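**Student:** What shape does this take:
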Amino acid sequence: MDFGSCGTSILPAYKPAPPTNLPLDAVNKEIITQDSDQEAWWEKTGPLLAKVLASARYSPAQQIKYLTFYRNTFIPRLGPYPHRFRCAISLGGLPLEFSVNYQQHGSPHPVARIGFEPLSPLSGTERDPYNRLTMQEFVGELERLQIPGFDTRLLERFWALHALTPDEQDSLKGAAPEYSDRRSQGMFGFDVRDDAISVKGYTLPMPKCQVTGQSVASLHRESIRQLGSMLDYYSAAFPLMDAYMEETGGYERSAFFSWDCTAPAQSRLKFYGYEIEVTWAKMEELWTLGGRVQSPTRARGLEYLQELWEVMELPSGPRPVTEDFNAGATPRRTPIVYNHEIRAGDPVPITKLYLPVHGENDGRVVRAVARFLQRIGLEEYGAGLEQTVEDFYPERDLGKTSCLTSWISFAYSEKTGTHDPIAADKPLISSPLLQEQVKAENLLHRARQLYKIAELGQEEYNHPTRVIGSKGHLGTLDYIYSTLTDLGDYYTVSNQSFPAVTGNVFESRLVLGHTVPESATAMGLTPPTKHKEPVYGQLVAVANHGCEASDYPSDLAGAVALISRGTCPFGTKSDLAGRAGAVAAVVYNNEQGDLSGTLGTPTPDHVSTFGISDTDAAPFLEKLHRGEKVDAIAYIDAIVETIHTTNIIAQTTGGDPDNCVMLGGHSDSVGEGPGINDDGSGSLTLLELATLLTQYSVNNCVRFAWWAAEEEGLLGSDYYVSVLTPAENQKIRLFMDYDMLASPNFAYQVYNATNAVNPVGSEELRDLYTEFYDDHGLNYTFIPFDGRSDYDAFIRHGIPGGGIATGAEGVKTVEEQAMFGGVTGEWYDPCYHQLCDTVANLNLTAWEWNTKLVAHSIATYAKSFDGFPERTEETSVSSMEEPKYHGPSLRQ
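**Tutor:** Got it, this is the predicted structure:
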């Protein structure tokens, strides 16, 4: 069986080999072996690898180094020659594949790759039918080689999850897996670089799934779940890929799974699959994950991919090719192969596609790839490609063969060059100039894009949404992240993953006596009633405000607790009620109106908890006061779970990093709607201004933040501030919060942040906002600085803060109607936290003015902090009142 003959999946290198065999000759002189199989493998493969290394411009010393490594490490593990065990690494079942990776950036020359499945005389026999023993022995050999950076922790984890156990192996004895005549369970990939070798591990899960009955989808999900501490690295991208694979049946055609054999935190995960139908529409679908990934970077990559597709002139539809080297082999179809790569910190997968060219005329393939390489700036490689392949296979006529190459792979990501922190050709930031560039039509365009992204949540939620964990939110993260990274090196962009508690109430009902209180609402993050069924008990009043264990009577076990709002958080009341044995709790308002709140961080003792109005509670309090009994029935079907989501932070590379102006908005919506005003308006304002700011230099660094899980209780901003070191905290001179800037029935609202009860500097920021409105003849009102948005964590940790808004569920007064227009008696945002919070819910006039004000705030402090109070080592916040809100919901 001759390497280089029809059927190989070896991808030739694309640079003519220099006319010398000195490195190969040097290695040949050192070879002493009496093993005829090893001699045959070396004779057939050693010269080909020598050509690969030479064509990829490795130095003679490096060629000798890696030929020796190959000879000593791989050749003894190729088993009998010719091979009997059919491997999955190549079309012909060979245990080897050579390829060369060309990049526009990165390595100073192409990188040679060796795909390899270790074999032995036992492989495929009764003693080792699925090559398990041979694989394990080879891992031990790699450990003994002490390759720098080589780490087996992930390899051991995935091998345990994906490979057949001895008992499972016995159950398949005598029968190959249904999916193929191959029995491979794993393999390796080696990238040999100038100064290092990197190793990738692969597993093929189909044999495991066949014997266990577990689906490939559930096996992959279980693998991710068991990553444990690594989960936060992959949580954002994996659900996006998982949803696409599930929707399209991709798991049914899943081929294998890979990871880097390096420290787990630095590793990448790759999910490989194939598609039989070879069409441009299928290529485009795979590239964008069915339209889920839409970004400028992905769009540019798609343009390159289409160009490669067109120059290759591949026929559409299924394509029969030869399965093996043997002339009588059964024809099969060569598929499109793809992988979705998940990298630490990236919110979306990176896709690589392998265009199937096995069966196409090799001469035409070579010339097409050459043209493509020349078009993308790799002229020196493209120009010599045809000669390279002829040098590789001198006995072949490229005009007549159609089997020298199996796939041409393609991937694309942005690569920026070195940066100058303050570009000399950029003017210093100017507030008038930056404001002048703010246009309502540009904001509206972004809003329409965001609504399309929210529609990705349609399938799961039956309506558009960007709630955390949804496809809509994952798409939002990708849109923000890719927009920022496409701005080049102006920003350092990072993702900050964190655990977020989220909940959903599917159904609830409260009956007191014979009455169903109209105001009864299940609290946010409430657990369900026991077994998600109705619970029954006597209604028992709790003393005082229910903030101490002594307030709860001894006869509360099995009863429903009736508790007054006040003094302490709702979560504390629910926890104490649960500890006292209550089966549910009802918190009534001690002020006029309905009561809707959240329990906050779950505890083991939280019980199902409702909020009701003071009016609905009054008759029952009276009955209990008279000693009468009141029966109660409570029912809640709900879920509370912890997921991982991501903040996105972008900081200018220019400007003083020890004096940063920071601003933020939140990237998520509630589950009930798309959130185009709340807080699409704020987050898009930040994105538009981050884009415009790149035209200027700054004196002080500017740090933008897009918080996740704001709607779950400010979780993203809480986490960000909680992990700041004291030194990093001091670098933030102030934080500005921009949440809901385009309410349709708007009022220009300024948080009434004073230095008397907030970190010093908050009042100066407030005055900047009011002076802007005054200067432009615009009215404004003050609103409480009460913890309802993401500024809360900052001011609680001593960082001056403030912000503006246009109103949520508050009601516009007669006076405000005179000041701002609109409708008296209606909410500022009639679609607040509702399905109708769409593009039609935006007041573009208010949005444009407020975006100009945000631009003014950025420009003012990015230019100078003159007159703004200095941060001190310790800023006391002890005088601050405990806020009633923590995010959009009451907490006490």
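
**Student:** Quick check: the residue nearest to D128 when sequence neighbours are not counted vs P129, distance?
**Tutor:** The spatial neighbour of D128 that comes closest, neighbours along the chain excluded (C-beta to C-beta, 6 or more residues apart in numbering), is L122 at 4.0 Å. (C-beta placed from N, C-alpha, C; glycine too.) Counting by C-beta to C-beta, to the nearest Å, the separation of L122 from P129 is 9 Å.

**Student:** who has more neighbours, the two?
**Tutor:** Set side by side, L122 and P129 show unequal neighbour counts under other C-beta atoms under 10 Å, the larger going to P129 at 22 against 17.

**Student:** does that one really touch S171, like I thought?
**Tutor:** No: applying C-beta atoms under 8 Å, one finds P129 not in contact with S171, separated by 11.2 Å.

**Student:** For the closest residue in space to P356 that isn't next to it in sequence, report the pLDDT, please.
**Tutor:** What sits nearest to P356 in space, not counting adjacent residues and going by C-beta to C-beta, 6+ apart, is T334, at 4.2 Å. pLDDT for T334: 73.

**Student:** The chain - how does it break down into domains?
**Tutor:** The record's domain parsing of the chain by automatic domain parsing lists 22-411, 431-499+646-863, 514-629.

**Student:** wait, which of those domains is closest to A638?
**Tutor:** Relative to A638, the nearest member of these by C-beta to C-beta is domain 514-629, separated by 4.5 Å.

**Student:** what about the closest one, how long is it end to end?
**Tutor:** 12 Å (C-alpha to C-alpha, to the nearest Å).

**Student:** gap between that domain and the chain center?
**Tutor:** The chain centroid and the centroid of domain 514-629 are separated by 39 Å under C-alpha atoms, centre = their mean, to the nearest Å.

**Student:** re the thing from before, out of the domains of the chain, which is the most enclosed?
**Tutor:** Mean neighbour count, computed with mean count of other C-beta atoms under 10 Å, is highest for domain 431-499+646-863 among the domains of the chain, reaching a mean of 21.

**Student:** out of the domains of the chain, which comes closest to V505?
**Tutor:** Relative to V505, the nearest member of those by C-beta to C-beta is domain 514-629, separated by 4.5 Å.

**Student:** average pLDDT for the closest one?
**Tutor:** Computed over domain 514-629, the mean pLDDT rounds to 95.

**Student:** And stretch 719-734, by the same measure?
**Tutor:** Mean predicted confidence for stretch 719-734 is 95.

**Student:** Tell me who's in contact with L444.
**Tutor:** If you count contacts by C-beta atoms under 8 Å, 6 or more residues apart in numbering, L444 has them with V839, L842, L844.

**Student:** and the first one, what are its phi and psi?
**Tutor:** In other words, V839. Torsion angles at V839 (phi, psi; degrees, to the nearest 10) stand at phi -60, psi -30.

**Student:** do the one 4 residues further on as well
**Tutor:** Taking degrees, to the nearest 10, you get phi -100, psi 110 for the backbone angles of N843.

**Student:** ok, it touching L741?
**Tutor:** No: taking C-beta under 8 Å as the definition, N843 is not a contact partner of L741, at 9.3 Å.

**Student:** list residues touching both of those two?
**Tutor:** Each of T806 lies in contact with both N843 and L741 under the rule C-beta under 8 Å, 6+ apart.

**Student:** what pLDDT does D774 get?
**Tutor:** Reported pLDDT at D774 in the predicted model: 97.

**Student:** So it versus G801, what's the distance?
**Tutor:** 21 Å.

**Student:** OK, contacts around N442?
**Tutor:** Each residue near N442 by C-beta under 8 Å, 6+ apart is listed here: E688.

**Student:** Below-threshold pLDDT in the stretch 101-250 of the chain: ranges please.
**Tutor:** 103-108, 173-182, 227-236 (pLDDT under 70).

**Student:** which residues in it form strands?
**Tutor:** Counting by DSSP state E, counting those that start in this stretch, the stretch 101-250 of the chain forms strands over residues 111-116, 186-192, 197-203, given from the N-terminal end onward.

**Student:** Include distance to R703 when you put these into a markdown table, please.
**Tutor:** Supplementary listing: the strands of the stretch 101-250 of the chain in a markdown table, determined by distance: least, C-beta to C-beta, whole Å:
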| stretch | distance to R703 |
| --- | --- |
| strand 111-116 | 36 |
| strand 186-192 | 36 |
| strand 197-203 | 34 |
